[in-house]
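Mind folding the following:
(2 chains)
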Amino acid sequence: MLSATIQGYATSTIKHCSLEGWRLLIAQPQAPDGAPDGPPQVVIDNLGAGIGQKVIISSDGSESRKIVGDERSPARWNVLAIIDPERSLAL
Amino acid sequence: MRIGTVIGRITLSARHPRLSGERLMLTLPWTDKTFGDPARFAPSIVVYDDLGASPGQRIAISEGREAACPFPEPTPVDAYCAALIDNIFHQPTAQP
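Okay, the predicted model is just below:
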């Protein structure tokens, strides 16, 4: 699992049948200080993550196949969780 | 799935029997710097393509174990073209 920021989305008409109807978001894995940490990944999203939001993406392909409901899907990365924005705990 | 730009095609004379009828595209995967500087890519890889990508096309590359999933029987493929990307909306500085 990587913490990443959703930086945009990709649209595609010709794709593997299992990806039909799925949001393909572009997630840029980031280090805690915000520096890019690896290549941008096109991820499957069923949590409705918005652009600019910090998320956790998971490379568990078997989970992606369960999400799209096709045992022969090439989907791998999926949005696992949306991270709450940091709030300063001014006590 | 990484984004990649197809730059060419590879034909084989001898191949693994499961790869017969293959269509292999030479692809430059994108890095986080590619959005700003369209000439900077990761080292090129060969991608198995079923969708008919042509050079210059941007594709989504599924890698690892999931690349061999779409095949009916186990096939030695570790990079598979999962989608032909029409357009990319990229806004790195957007706030939620």
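
which non-adjacent residue is nearest B:Ala94?
Nearest residue to B:Ala94, sequence neighbours excluded (CB to CB, 6 or more residues apart in numbering or on different chains): A:Gly52, at 3.7 Å. (Each C-beta comes from the backbone N, C-alpha and C, glycine too.)

hmm, I was thinking of B:Pro92
Nearest one to B:Pro92, counting by CB to CB, 6+ apart, is A:Gln7 at 4.8 Å.

mind checking pLDDT for the one you found?
A:Gln7 is assigned 94 on the pLDDT scale.

And the strands in the chain?
By default, I'm working from chain A. Taking DSSP state E as the criterion, chain A carries its strands at A:2-11, A:23-29, A:41-45, A:54-58, A:78-82.

Chain B was what I was after
Per DSSP E, chain B carries strands over the ranges B:2-10, B:24-29, B:45-48, B:58-63, B:79-84, B:87-90.

Could you list the low-pLDDT ranges of chain A?
A:88-91 (pLDDT under 70).

Give me the pLDDT for B:Leu19.
You'll see B:Leu19 listed with a pLDDT of 89.

Test my guess that B:Asn63 contacts B:Asp78.
Wrong residue type there; residue B:63 is Glu, not Asn. Yes. With contacts counted by CB atoms under 8 Å, B:Glu63 reaches B:Asp78, the gap being 6.1 Å.

the more surrounded of those two?
Of the pair B:Glu63 and B:Asp78, B:Glu63 is the one with more neighbours under other CB atoms under 10 Å in any protein chain shown, namely 20 against 16.

Need the residue closest to the centroid of chain B.
B:Ile61 (3.7 Å; CA atoms, centre = their mean).

dump the residue contacts of that residue.
By CB atoms under 8 Å, 6 or more residues apart in numbering or on different chains, the contact set of B:Ile61 is B:1-4, B:27, B:29, B:45, B:47, B:79-82.

May I have the beta-bridge partners of B:Thr5?
Listed beta-bridge partners, B:Thr5: B:Leu28, B:Arg58 (assigned using DSSP bridges).

Please report how far it lies from A:Pro74.
Using CB to CB, to the nearest Å, we find B:Thr5 at a distance of 18 Å from A:Pro74.

Neighbour count for these two, which is higher?
Taking other CB under 10 Å, B:Thr5 and A:Pro74 do not tie; A:Pro74 has more neighbours (33 against 19).

what residues are up against that one?
Counting by CB under 8 Å, 6+ apart, A:Pro74 touches A:16, A:18-19, B:1, B:62, B:66-67, B:69-70, B:80, B:82.
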